[in-house]
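Participant: got a structure for you, letters missing:
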């Protein structure tokens, strides 16, 4: 299938598919006589794997590692688990940072009343410091 067909089928932009190819995550495809990229079922499966990883906020570097491990089926899962353990720790850090951000935003929001004018807005004053 052509890139546009793959894009529609996988609900993924053409630019993303080209990006994953450029990054080496999706194998380069063969081209038709008209120089169109052609994708087979294997490319579709690879793209599906990449998109699922991205939906879990797995980084491109982590996806590379997982893809590398995917093609060593006889090894144990220790390295895969290590990738996920590291990713879980990163998510914990992000969650902590987001809680702190929310606390700060609520504090700022609490400083301003809808009855104020923009000129007297404490949020704007705080952001301008």
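Facilitator: Yep, it's here. All values reported here derive from a predicted model rather than from experimental measurement. Numbers count the residues shown, from 1 in each chain.

Participant: Low-confidence bits of the protein, can you list those?
Facilitator: Scanning the chain with the threshold set as pLDDT under 70 gives 28.

Participant: Which parts of the protein are strands?
Facilitator: For the chain, the strands defined by DSSP state E cover 30-31, 37-38.

Participant: out of these, which comes closest to residue 87?
Facilitator: Nearest to residue 87 among those is strand 37-38 (30.8 Å), distances taken as CB to CB. (C-beta placed from N, C-alpha, C; glycine too.)

Participant: who does the closest one touch, helix- and strand-wise?
Facilitator: strand 30-31 (3 or more CB pairs under 8 Å, 6 or more residues apart in numbering; DSSP states H and E).

Participant: chain center to the strand it packs on, what's the gap?
Facilitator: Chain-centre distance of strand 30-31: 27 Å, with CA atoms, centre = their mean, to the nearest Å.

Participant: which phi and psi does the residue lying farthest from the centre of the chain have?
Facilitator: The outermost residue of the chain relative to its centre, with distances by CA atoms, centre = their mean, is residue 115 at 40.8 Å. Backbone torsions for residue 115, taken as degrees, to the nearest 10, come to phi -80, psi -20.

Participant: Right, I'll leave it there.
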